[in-house]
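1. I would like to see how this sequence folds:
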Amino acid sequence: MFVFTHFTKAASAIAMVSGLTLLVGLAPAIADGHEVGAKEYSISCQSCHGAKGLGDGEMAMHLNVRPSNLTLISKENDGVFPLLEVFQIIDGRQEVRGHGAEAMPVWGARYSEDIGDTYGPYGGEQVIRARVLELVFYLQSIQKM
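-> Reported below is the predicted structural model:
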């Protein structure tokens, strides 16, 4: 009984320290709130939409359709940021002009390839959706009225 109790207390202490370590590691992202989304933006969107989301990225002139100004999404929707619609466009459930018939071929596959089987058969989809959602929250944060 003593060994089991001692082991349980030790396991609890290790779990608590691990949890605190995880929270401390996430503190900068939690404090900023948009750090993860900003990073996703710089990797996936900036080359076409530009550093500030104005549609003036270095690849913009090579596209058949000019990239949209992502800072005006709310303004073009009567002052409301259409979170679900933006999520679906990024996620690939809604066709986007300029990206062809395949939805977001530039990075839809990248998300899947990046994670592979790391999170098991179901966890990968959750990670992909979390990354997309962080990007959507970042886009929401750069809106101009």
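
2. where does this protein dip in pLDDT?
-> For the chain, applying pLDDT under 70 flags the ranges 1-32, 93-110, 116.

3. Now do the helices in it.
-> 2-32, 35-44, 46-49, 83-91, 108-115, 120-141 (DSSP state H).

4. ok, and for the second one, which residues are buried?
-> Residues of helix 35-44 classed as buried under the neighbour-count rule (16 or more other CB atoms under 10 Å) are 36-38, 40-41, 44. Any C-beta I mention is one placed from the backbone N, CA and C, and that applies to glycine too.

5. Any chance of the residues you listed in TSV with distance to Lys52 as columns?
-> Formatted as TSV, the buried residues of helix 35-44 follow (distance: CB to CB, whole Å):
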residue	distance to Lys52
Val36	18
Gly37	14
Ala38	11
Glu40	16
Tyr41	10
Ser44	15
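
6. OK, contacts around Gly53?
-> Neighbouring residues of Gly53 by CB atoms under 8 Å, 6 or more residues apart in numbering: 41, 45, 69-71, 139, 142.

7. Next, count neighbours for the nearest residue to it once chain neighbours are set aside.
-> Nearest in space to Gly53, with sequence neighbours left out and distances taken as CB to CB, 6 or more residues apart in numbering, is Leu70 at 3.7 Å. Residues lying near Leu70 (other CB atoms under 10 Å) number 20.

8. any idea how far Leu70 is from Lys52?
-> 9 Å (CB to CB, to the nearest Å).

9. Need the overlap of contacts for the two.
-> Joint contacts of Leu70 and Lys52 (CB under 8 Å, 6+ apart) are Ile142.

10. quick one: Glu40 and Leu54, what's the gap?
-> 18 Å.
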